[in-house]
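Engineer: build me a model from this:
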Amino acid sequence: LVTGVCFSHLGNEVLIVEKVPEKVELLRKGISPIYEPGLDELLREGLEENRLSFTTSLREGISFSEVIFICVGTPSLPDGSADLSQVEEVARLTALNMDSYRLLVEKSTVPVNTHQLVKKTVQRYLRKEVPFDVASNPEFLREGSAVSDFLNPDRIVVGVESSRAKEIMEELYRPLTDRGFPLLVTDPATAELIKHASNSFLAMKISFINMIADLCERTGADVTLVAEGMGYDRRIGREFLRAGIGYGGSCFPKDVKAFIKIAQDHGVDFALLREVEKINAGRIEVLMEKILKALWTLRDKRIAVWGLSFKPNTDDIREAPSLKVIPRLLEKGATVVAYDPQAMDNFRSVFPEGDRLHYATDMYSAVKSAEALILLTEWEEFARADLKKVRELMSLPILIDGRNVYDPAELKELGFEYFSIGRP
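Structural biologist: This is a model prediction of the structure:
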């Protein structure tokens, strides 16, 4: 959705194909089914200027376009490999319905050399001799800042095999390259590999700093200052060196698993990434140990939870820490009152309200009479909270901060028992 809306904003005519009729109806009314800052405004702009439309018909989409971006899901299979059935479906149906040149562009995160499978599928199902190209153009969009990331990219990666495909992709991205954003043109296999390599490296940085946090806790050092000292080194950089309770979402967990499997399938033992995955899986246990240390027992305790989405500025709860932490709290007999600025509806659909699980209308009502507050997502709203008011509303001033949002000295001065990650 973000890709289509942003291409429309850049001046292209875009038809987005969506299988779910209810979503298409919402989108035609200018209502986005997902929360993403800046998306609603560009969606309405595209509709008002007649550059953006929506359909459930893939045949209509194929007839409409010269360039077809494949932006479908590639979820993990039990062995860690990517499920490419939706990619195959788009390639097959495109072949059956195309009657002139088409450029199929992989936008979904796919294993290296998937472009060869797409090409083979199109060739098999073509009903007559029709020219086509397959390109790779991996997206590097972060949930919560996807619109900004598209319009202000660190780089644009395009993998092509023909000059025709190269020229089309260069023209599509000219509004961005004219502003100085770099375009890297490679072969498709290299482009496919860049995406998995990038996400896996970032996941590695997160697991690395989380292990540093564990060491800091045992030595009295401060992981925030360690990360700052490391980040001044331009070879390392400051990004993704924030200790906490691990990565989640729809990308990093899936992509790390898939990259391990890709390497294995090609005879490479990526033991480093298996350790990254193991470290990340253990972060919830680290948090639970802190909670139990702070409260001793959870039975009959009233606990407030701030943050249900896997990261701020999104309503996405896929692989979010909340999905593991809240059931553990309930299993141990606690009553949980949860609040999130955007993700409560999604979370409620998985965990309906019950005798010991409640959803608050705002962050302050969540902490009323609470014997502990657990922060799981670093929303700006929580960073700006009136902590003196929070202290007054709580029954016991215990705050377990899984994202190192607050200043320990300030919390101590306000009278909180404060537990964070990797800080004295």
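Engineer: any idea how the chain splits into domains?
Structural biologist: Per the record, the chain has its domains at 2-195, 283-419, by automatic domain parsing.
Engineer: can you add distance to Ala203 and give the ones you listed back as TSV?
Structural biologist: (Glycine included, C-beta is placed from N, CA and C.) Converted to TSV, the domains of the chain look like this (distance: least, CB to CB, whole Å):
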stretch	distance to Ala203
domain 2-195	13
domain 283-419	12
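Engineer: closest one to Ala227 among the ones you listed?
Structural biologist: domain 283-419 (9.7 Å; CB to CB).
Engineer: mean neighbour count, distance to Asp255 and mean pLDDT for the domains of the chain - can I get that in CSV?
Structural biologist: Shown next, in CSV, are the domains of the chain (neighbours: other CB atoms under 10 Å; distance: least, CB to CB, whole Å; pLDDT from 0 to 100):
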stretch, mean neighbour count, distance to Asp255, mean pLDDT
domain 2-195, 17, 6, 95
domain 283-419, 19, 11, 97
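Engineer: nearest to Ile206, of those?
Structural biologist: Short answer: domain 283-419, nearest of those by CB to CB, at 9.3 Å.
Engineer: where do the strands sit along the chain?
Structural biologist: Assigned by DSSP state E, the chain shows strands spanning 14-17, 52-55, 67-70, 102-106, 132-136, 156-159, 183-186, 302-306, 335-339, 357-359, 372-375, 398-401, 417-419.
Engineer: how far does the fifth one sit from the chain's center?
Structural biologist: The reference is to strand 132-136. With CA atoms, centre = their mean, to the nearest Å as the basis, strand 132-136 stands 26 Å off its chain's centre.
Engineer: what comes into contact with it?
Structural biologist: Residues from elsewhere that reach strand 132-136 (CB atoms under 8 Å, 6 or more residues apart in numbering): 98, 101-106, 110, 115, 118-119, 122, 157-162, 164-165, 169, 188-189, 191-192.
Engineer: report the angle between the axes of it and strand 102-106?
Structural biologist: Between strand 132-136 and strand 102-106, the angle comes out at 20 degrees (axes from the mean of the first three to the mean of the last three CA atoms, to 10 degrees).
Engineer: got the CA positions of strand 132-136 in CSV?
Structural biologist: Taking Å, rounded to 0.1, in the frame of the first residue of the first chain, the C-alpha atoms of strand 132-136 are listed here in CSV:
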residue,chain,number,x,y,z
PHE,A,132,8.7,-9.5,-20.4
ASP,A,133,11.4,-8.8,-17.8
VAL,A,134,11.7,-9.7,-14.1
ALA,A,135,13.5,-7.2,-11.8
SER,A,136,14.2,-7.0,-8.1
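Engineer: which one of the domains of the chain lies closest to Gly220?
Structural biologist: Closest approach to Gly220 among the domains of the chain (CB to CB): domain 283-419, 12.8 Å.
Engineer: to Leu202, which of the domains of the chain lies closest?
Structural biologist: Comparing the domains of the chain by CB to CB, domain 2-195 comes nearest, at 10.0 Å.
Engineer: separation between the closest residue to Val122 other than its chain neighbours and Met230?
Structural biologist: Distances taken as CB to CB, 6 or more residues apart in numbering place Ala95 nearest to Val122, at 4.3 Å, with adjacent residues excluded. Ala95 is 50 Å from Met230, where distance means CB to CB, to the nearest Å.
Engineer: and Ala370, by the same measure?
Structural biologist: As judged by CB to CB, Ala370 and Met230 stand 36 Å apart.
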